[in-house]
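In: Please work out how this folds:
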Amino acid sequence: ATGAGEATTSGLEAFVEAKPLTFQGTLLSSVGLVGGWPSFPASTADLEQVDLSGYFEFENRLSFHARADRTFSVTGTILSSYPEFSLGVEELFFDYSLAEALFFRIGKQKNAWGNGRVFTQTDLMEDSELGLAVKAYLPIGANGLAAALLDQAGWHPGSEYPSMNSLAYLAKAELLLGSIELQASGRY
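Out: Here you go, the predicted structure:
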């Protein structure tokens, strides 16, 4: 609720208003020490025979997001990890809205379709973060239609550019009936 004379902003307005470049990061670290005797049973008095082993691991994420206006935004995440050292782009995509009726997301992105927590076989987008994806969504009231195109370098190893036969094509229809959501999706 707002007092007299205060402006209100709808949920949609707060989501689509222009925002400057912002950064957010996470650091997950684990450090440990394990000790034990190399053979059992061993005397607890034999402390010099204790075999010690330590470990260290971390996973860092640095994300950014910027919304230029109601129609365009860009998002990205850089991931570094150790002990299997890696440094790379986890996500880098942009969102574009055409007449606030058709929505596109293009780039390296994580997507999920279906209920992946219970029925993982229904998540046809499970491997979307392994390459590039173009996704379009057309909302129709509470329902909607979605289509996606996926590309991975491993699908066309002899060429830098994919052919039409080396891409994955996906489509999904959603129908909301009260508190029940029905989905039909396919992948070729």
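
In: Tell me how far the nearest residue to Ala168 once chain neighbours are set aside lies from Leu98.
Out: Closest residue to Ala168 apart from its sequence neighbours, by CB to CB, 6 or more residues apart in numbering: Leu150 at 4.0 Å. Heads up, the C-betas are built off the backbone N, CA and C, glycines and all. Applying CB to CB, to the nearest Å, the value for Leu150 to Leu98 is 21 Å.

In: Please name the bridge partners of the residue nearest to Ala168.
Out: Ala133, Ala168 (DSSP bridges).

In: One more: Leu87?
Out: According to DSSP bridges, the residues that bridge with Leu87 are Ser80.

In: residue contacts, it?
Out: 78-80 (CB atoms under 8 Å, 6 or more residues apart in numbering).

In: what's the one helix or strand Glu181 maps to in contact with?
Out: Element membership of Glu181 [criterion: DSSP states H and E] is strand 180-187. Surrounding strand 180-187, the residues in contact under the criterion CB under 8 Å, 6+ apart are 113-114, 122, 124, 168-176.

In: buried subset of those?
Out: 113-114, 124, 168, 170, 172, 174 (16 or more other CB atoms under 10 Å).
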